[in-house]
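Engineer: Attaching a predicted model along with its sequence, questions to come.
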Amino acid sequence: MSSSFDLTKIIRPNILALTPYRCARDDYNEGILLDANENAYGPSLANIEKHHQEGNLHRYPDPYQVQIKERLLKLRRGLDSTKQLFLGVGSDEVIDLLIRIACVPAKDKILITPPTYGMYSVCAQINDVQVVKSKLNVEEGAFQLDLNSVFENLKIHPEVKIVFLCSPGNPTGTCLRHEDIRAILDSDYKGLVVVDEAYIDFVVDKEGQGSVASWVNQYPNLVVMQTLSKSFGLAGIRVGIAIGHPDLIQILNNTKAPYNIGTPSSLVALEALSDEGLQKMYDYRDQLIAQRTVIIDRLNQMEGTGRILGGNDANFVLVEILNPLSKKPCNDLAAKVYKMMAEDLGVVVRFRGTEYGCEGCLRITVGTKEENEKMLSMLQKAIKSVN
């Protein structure tokens, strides 16, 4: 990465000039607090004792959630400071904020690499930002970056302010090669490179292909997103993480809503990031990885299914449903199997056949052993029925 990177050339001028809202907890958080117009008598809940463990709900929470960041710093090795961490209402808030701070509506663009997570495009459209697409190399289910396409598009579209890379990908379940990510970071591209690592804890036996979070110490234009929704099993509390240069993290803090992470969510996050919580996460993750292997083995033996696509680096698998005559992936049959399983057989998976390189594919989340047995049985039944 060139030392000439200038964050002020990437962030919108109105955001750089922003005087952030200063909330009461920015100044003091102890004593008789009569500064934030809170209700001093407490929350209007029928059973206060029941909610005691949820903290002082009548008080505004820590706007920066420093305790959570300290535990994340301990978990994600290689980071220097909590100033490199931002917490959002899920990764979706992080995506939206990054587009808002960097992209001028109706002028700037983002680049994505289909097939990929759909919220990049949704947030771009909401913010009136155009989307440039550099399709992944999908030959034999590789789902890796086509660097020639990426660099060509960056040359054609100098308005691209953010490149979004999903690794492991969704719906591909594939880690992008680190050398390819580094090639973009080491190029003369002067925008932000965002690596979405929502599924990073499910990556095993991939030497040198784990998290790139520590790279933020080397590349000031790199942002790495993670989440508590997947490996931690906390999708319901909506806590996403951005890791980046302190100057960029400060801009995100200046722009976010003052108290974006509520007290109940923060207390659950703290418990999950305790030593006991981490051990439970690792235990559940190992079980899911073991079940992922079982599903792959069974699908490979199942009549009517084709290839298991991608690198299988996440908590799901992507499998083809074949036409029994042509033995080729078939969107029509895959859609029918998906619909029958959901409406008649009580098992809901995801039809992904309309995604680039995913023709005839179902994306199946890894469940418990019992759920997976039921899913495999109903999948076989549905395939036989639609044929």
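Structural biologist: Sure thing, it's come through.
Engineer: mind listing the strands in the stretch 201-350 of the chain by residue range?
Structural biologist: 222-227, 240-243, 305-309, 316-321, 350-351 (DSSP state E, counting those that start in this stretch).
Engineer: can you map out the helices along the stretch 151-300 of the chain?
Structural biologist: According to DSSP state H, counting those that start in this stretch, the stretch 151-300 of the chain carries its helices in the segments 178-185, 246-255, 263-272, 275-301.
Engineer: right, and these - which one's nearest Asn127?
Structural biologist: helix 246-255 (12.6 Å; C-beta to C-beta). Backbone N, C-alpha and C define where each C-beta goes, glycine included.
Engineer: Which elements pack onto the closest one?
Structural biologist: helix 13-16, strand 85-88, helix 90-102 (3 or more C-beta pairs under 8 Å, 6 or more residues apart in numbering; DSSP states H and E).
Engineer: Let me know the pLDDT of the residue positioned nearest the centre of the chain.
Structural biologist: Centroid-nearest residue in the chain, with C-alpha atoms, centre = their mean: Ala198, separated by 3.6 Å. Note on Ala198: pLDDT of 98.
Engineer: Quick check: it vs Met119, distance?
Structural biologist: Distance of Ala198 to Met119, given as C-beta to C-beta, to the nearest Å: 11 Å.
Engineer: what is in contact with the two at once?
Structural biologist: Shared contacts of Ala198 and Met119 (C-beta atoms under 8 Å, 6 or more residues apart in numbering): Ser91.
Engineer: Quickly list what Thr305 is bridged to.
Structural biologist: For Thr305, the beta-bridge partners are Ile321 (DSSP bridges).
Engineer: what residues are up against it?
Structural biologist: Residues counted as contacts of Thr305 (C-beta under 8 Å, 6+ apart) are 299, 319-322, 379, 383.
Engineer: got it, and Gly233?
Structural biologist: Residues in contact with Gly233 (C-beta under 8 Å, 6+ apart) are 281, 284.
Engineer: Apply 10 Å and report the result again.
Structural biologist: Shown in contact with Gly233 (C-beta atoms under 10 Å, 6 or more residues apart in numbering): 272, 280-281, 284-285, 288, 315.
Engineer: Repeat that for Met341.
Structural biologist: By C-beta under 10 Å, 6+ apart, Met341 lies in contact with 347-349, 351, 362, 364, 375, 378-379, 381-383, 385.
Engineer: How about Val66?
Structural biologist: 82, 85, 87.
Engineer: Count the neighbours of the last one for me.
Structural biologist: By that I understand Leu87. When neighbours are counted by other C-beta atoms under 10 Å, Leu87 registers 26.
Engineer: repeat for Val131
Structural biologist: Neighbourhood size, Val131 [other C-beta under 10 Å]: 17.
Engineer: Not counting the host helix or strand of it itself, show me its contacts.
Structural biologist: Here Val131, judged by DSSP states H and E, is contained in strand 130-133. With C-beta under 10 Å, 6+ apart as the test, strand 130-133 has contacts from 103, 105-114, 116, 120-125, 149-150, 153-154, 156-157, 159-160, 163-164, 356.
Engineer: Stretch 147-160 now?
Structural biologist: Contacts for stretch 147-160 (C-beta under 10 Å, 6+ apart): 103-104, 107-111, 113, 129-137, 146, 163, 165, 177, 179-180, 183-184, 187-192.
Engineer: Is it possible to mark the buried ones in those residues?
Structural biologist: 103, 108-111, 113, 129-132, 134-136, 146, 163, 165, 177, 184, 189-192 (16 or more other C-beta atoms under 10 Å).
Engineer: quick one: contacts for Asn127?
Structural biologist: Applying C-beta under 10 Å, 6+ apart to Asn127 gives the contacts 96, 99-100, 102-106, 108, 110.
Engineer: could you redo the last one with a cut-off of 6 Å?
Structural biologist: Each residue near Asn127 by C-beta atoms under 6 Å, 6 or more residues apart in numbering is listed here: 99-100, 105.
Engineer: can you pick the most crowded of those?
Structural biologist: With neighbours defined as other C-beta under 10 Å, the most crowded of these is Ile99; it has 25 neighbours.
Engineer: Can you check the pLDDT for that one?
Structural biologist: 98.
Engineer: what do you get for Ser3?
Structural biologist: 56.
Engineer: ok, now Arg298?
Structural biologist: Here the pLDDT value assigned to Arg298 is 98.
Engineer: Settle this for me: it is touching Ser377, isn't it.
Structural biologist: No - using C-beta atoms under 6 Å, Arg298 is not in contact with Ser377; the gap is 10.0 Å.
Engineer: Show me which of the two is the more surrounded one.
Structural biologist: Here Arg298 and Ser377 are set side by side on neighbour count (other C-beta under 10 Å), and the busier one is Arg298, at 17 against 13.
Engineer: Identify the residue nearest that one in space, chain neighbours excluded?
Structural biologist: Leu376 (5.3 Å; C-beta to C-beta, 6 or more residues apart in numbering).
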